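Asker: curious how this folds, go ahead:
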Amino acid sequence: MLNYYTYLHTTSKEWVTFVHGAGGSSSIWFKQIRDFKKHFNVLILDLRGHGDSKPKLKDTFNSKYTFDSITTDIVEVIDFLKIKKSHFIGISLGTILIRNLAEKKPNLVKSMVMGGAIIKLNIRSQILIKLGVVFKSVVPYMLLYKFFAFIIMPKKNHKKSRSLFVNEAKKLYQKEFIRWFKLTSEINPLLRFFRAKDIKIPTLYVMGAEDHLFLPSIKNIVSKHSSSSLFVIDKCGHVVNVDQPETFNKESIQFISSLG
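Answerer: Numbers count the residues shown, from 1 in each chain. Below is the predicted model:
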């Protein structure tokens, strides 16, 4: 089972579950925990192969890495903790996992906060993935990851987010990176399905104004999905919870609290 941490509130019955992106870990939420645990019960976890969820035995995560199998990992933790329903907060690839979980287990999901959300790959991001497919087995994965991080978070004020994710990615192994990278083969049909289906679960997209790869498609999807809303943070890149934590926390907490 995945490594996880819980922070229990003395009176609140509401749960908030945080899901990080590829190459990150539960530690990327360190600027959220203090604020959120004042209001809710908090669950943060390390996805397979990340943080303290690295397999200690070779067969710990022997199933193929798919969005469904990784989503099932998250559900297993929630079931183990007997959490009947939770709000979910994700960043980057974590938003895809949350949206997939909402599709598979809608009764578990009270709302979704999608930071730096990915709902469509534009031409530039598709080229990035194709380059990764070609070079993933021959180029040291950290060179690829640093390159990707710079393309996604290119500006000077994104440096903190870039550094955090690169430092977290250093804790992965080349083999683990390749396993996760293979997920890209199923990403386009999955995102196409998500765009086509309005799931009717309250969803707040929190995006950086400088998230040039993913913001345009999020604006488009919010205009079509009735239960979705968008908050754009100025002078902010892809990793909104790190670039502008105070604004991210305030808007997310306000959104969750408004649902009662």
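
Asker: please enumerate the helices of the stretch 51-200 of the chain.
Answerer: Taking DSSP state H, counting those that start in this stretch as the test, the helices found in the stretch 51-200 of the chain are 67-80, 93-104, 123-135, 141-152, 159-169, 174-181, 187-196.

Asker: mean confidence score for the fourth one?
Answerer: Which is helix 141-152. Confidence over helix 141-152 (mean pLDDT, whole number) is 75.

Asker: please apply the same query to the last one.
Answerer: pLDDT averaged over helix 187-196 equals 92, rounded to a whole number.

Asker: which strands and helices sit next to the helix or strand following it?
Answerer: Remark: after helix 187-196, the chain's next helix or strand is strand 203-208, criterion DSSP states H and E. Using 3 or more Cβ pairs under 8 Å, 6 or more residues apart in numbering; DSSP states H and E, the elements in contact with strand 203-208 are strand 109-115, helix 215-222, strand 228-233, helix 240-243, helix 245-258. (C-beta placed from N, C-alpha, C; glycine too.)

Asker: who's in contact with the residue nearest to the spatial centre of the chain?
Answerer: For the chain, the residue nearest the mean C-alpha position is Gly94 (1.9 Å; Cα atoms, centre = their mean). By Cβ atoms under 8 Å, 6 or more residues apart in numbering, the residues touching Gly94 are Val19, His20, Gly21, Gly24, Leu47.

Asker: Gln254 too?
Answerer: Counting by Cβ under 8 Å, 6+ apart, there are no residues that Gln254 touches.

Asker: make residue 1 into 26 and carry on from there
Answerer: Let's use 26 as the start, then, which means that last one is Gln279.

Asker: Gly76 versus that one, what's the distance?
Answerer: Gln279 is 29 Å from Gly76, where distance means Cβ to Cβ, to the nearest Å.

Asker: quick one: low-confidence parts of the chain?
Answerer: Residues of the chain meeting the criterion pLDDT under 70: 80-88, 156-164, 166, 198.

Asker: quick one: which of the contacts of Gly119 sit in helices?
Answerer: Using DSSP state H, no member of these falls in helices.

Asker: what's the most distant pair in these?
Answerer: Using Cβ to Cβ, the pair of the contacts of Gly119 lying farthest apart is Val44 and Gly49, separated by 9.7 Å.

Asker: any shared contact partners between those two?
Answerer: Common neighbours of Val44 and Gly49 (Cβ under 8 Å, 6+ apart) are Ile116, Gly119.

Asker: quick revisit: which one of the contacts of Gly119 sits closest to Lys135?
Answerer: Val44 (14.5 Å).

Asker: doesn't His112 make contact with that closest one?
Answerer: No. Counting by Cβ atoms under 8 Å, Val44 stays clear of His112, with 11.4 Å between them.

Asker: with neighbour numbers in mind, choose between these two.
Answerer: Val44 (27 against 23; other Cβ atoms under 10 Å).

Asker: phi, psi of Val41?
Answerer: Main-chain dihedrals, Val41, degrees, to the nearest 10: phi -120, psi 120.

Asker: my guess is it meets Val67, correct?
Answerer: Yes. Judged on Cβ under 8 Å, Val41 makes contact with Val67 at a distance of 5.5 Å.

Asker: need the overlap of contacts for the two.
Answerer: Phe61.

Asker: just the helices of the stretch 76-225 of the chain: most buried one?
Answerer: Most buried of the helices of the stretch 76-225 of the chain, by mean neighbour count (mean count of other Cβ atoms under 10 Å): helix 118-129, with a mean of 23.
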